[in-house]
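[1] when you get a sec, could you give me coordinates for this:
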Amino acid sequence: MPKINTDTLWDLAAAELRTRESRSADDDAEEDSAALCERTVLFMGSKAGGKTTILLRCIDRDEASKPTLALEYTFGRRAKGHNTPKDIAHLWELGGGTSLSDLVQIPITPLNVSSVSVVLVLDLSKPSALWGTMEKLLQAALNQVEKVHALPQRPGESRTSKQQNQSRVLRVLPKDHPDRELISPFPVPLLLIGSKFDIFQDFESEKRKVICKTLRFLAHYYGASLIFSSSKSETMMSKARSFVSHLAFGTEKGKSMSTDPSKPLIIPAGMDSLSQIGSPPTIDVDIGTLHARNPLDLWKKVFERVFPPERTTEHKELKDPAKDPQYSEPLIDCMRAQKDEELEQYKREQAKSWKGLALET
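    Residues are numbered from 1 along each chain as shown. Below you'll find the model as predicted:
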């Protein structure tokens, strides 16, 4: 006579829970390694600074780079091993330098804030625009991350808290690092890339030192990695690629390090210190005359004394990409000008007709 199972639903649920808890750590690790992983990487930085070239090289696309219009998207895939799902990296590139920084709200969302990283590409050949570019773009990204964290969490939505993000970033520094209380880590993983090193290496020695020390301070202050690169050097591009791949796919970023200002800088996050960086470089600058609110402000004032910021209205002129000369299309632009003129004429006629009606009444 067959045995009748008298277990209740709760008994069966408890047995299932015990079975799951008894799984070995190896089984769990195997499941995790087979799970599909998606990450988001946002590239932004100096206009015409080489962002597209770096991005394409990182996903093995051998094609000529073109000027980025506003915000562009592509993706890369990489398999962890044989017969495993390929990890996916969602790659966004913000064009136009600082002029379209508001668009960071598109790639940084509540759904991906726990897996998003930022790559900031700074043109070393234009130091006068370096600090302003860094400051505005990082502030825009920071504001968006904080805005996302401030949003109420929807039912069923999985999202890391602001505190969880901060603790994750702080892990780049060893617990006994002397600077843990002196820095302000960016809320998501950050990589600074100094591009066009081939031009930068011909600068005067003292100016190179100012730029190198300043970027080292910024990277350390924000808990970021720092690497110099040049599209003319395959070796340098390969090293930059390893850092980007680490953000996009979780691969090893390498342990090489270089702080010599006469050579390309390579400094993984957490490997530098304020004592090694030293005080702000003082070329014809008396630090005592500078009234700074904090260390970051002091470094900014010293840097801008050596490299005065450019007075430009670029961000105002390029708010509408259709007016950017690099995207000119003669036939379309001619037709657009004609339609604009027709629109203005229509507005004038409508204004006259409304004025006439007002007089009659």
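
[2] where does residue 311 land in three-state SS?
    Three-state assignment for residue 311 (DSSP: H, G, I helix; E, B strand; the rest coil): coil.

[3] now do it, the pLDDT please.
    Here the pLDDT value assigned to residue 311 is 71.

[4] and it, how many residues sit next to it?
    6 (other Cβ atoms under 10 Å). (Glycine included, C-beta is placed from N, CA and C.)

[5] again, but for residue 240
    Around residue 240 there are 28 other residues, counting by other Cβ under 10 Å.

[6] got the contact list for it?
    Each residue near residue 240 by Cβ atoms under 8 Å, 6 or more residues apart in numbering is listed here: 54, 57, 58, 193, 227, 229.

[7] so which of those residues comes closest to residue 46?
    Nearest to residue 46 among these, counting by Cβ to Cβ, is residue 193 at 10.2 Å.

[8] give me the beta-bridge partners of that closest one?
    Residues found in beta-bridge contact with residue 193 (criterion: DSSP bridges) are residue 121, residue 227.

[9] correct me, but it touches residue 227?
    Yes. Counting by Cβ atoms under 8 Å, residue 193 touches residue 227, with 5.8 Å between them.

[10] ok so, going back, among the contacts of residue 240, which one has the most neighbours?
    Comparing the contacts of residue 240 by number of neighbours (other Cβ under 10 Å), residue 229 comes first, having 29 neighbours.

[11] just checking, what packs against the longest helix seen in the chain?
    Determined from DSSP state H, the single longest helix within the chain is helix 330-360. Counting contacts by 3 or more Cβ pairs under 8 Å, 6 or more residues apart in numbering; DSSP states H and E, helix 330-360 is packed against no other helix or strand.

[12] element containing residue 93, please.
    According to DSSP states H and E, residue 93 maps onto strand 86-94.

[13] for residue 75, that is, sorry about that
    Here residue 75, judged by DSSP H and E, is contained in strand 71-79.

[14] hmm, back to that, overlap in contacts, residue 193 and residue 227.
    240, 243.

[15] low-confidence ranges, the stretch 251-361 of the chain, go.
    283-289, 312-322, 324, 326-327, 355-361 (pLDDT under 70).

[16] what ranges do the strands span in the stretch 1-150 of the chain?
    Using DSSP state E, counting those that start in this stretch, the strands of the stretch 1-150 of the chain run over 38-45, 71-79, 86-94, 116-123.

[17] CSV for these, including distance to residue 338?
    Shown next, in CSV, are those (distance: least, Cβ to Cβ, whole Å):
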stretch, distance to residue 338
strand 38-45, 35
strand 71-79, 29
strand 86-94, 32
strand 116-123, 37
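
[18] point out the most buried one among the ones you listed.
    Most buried of the strands of the stretch 1-150 of the chain by mean neighbour count (mean count of other Cβ atoms under 10 Å) is strand 116-123; its value is a mean of 25.
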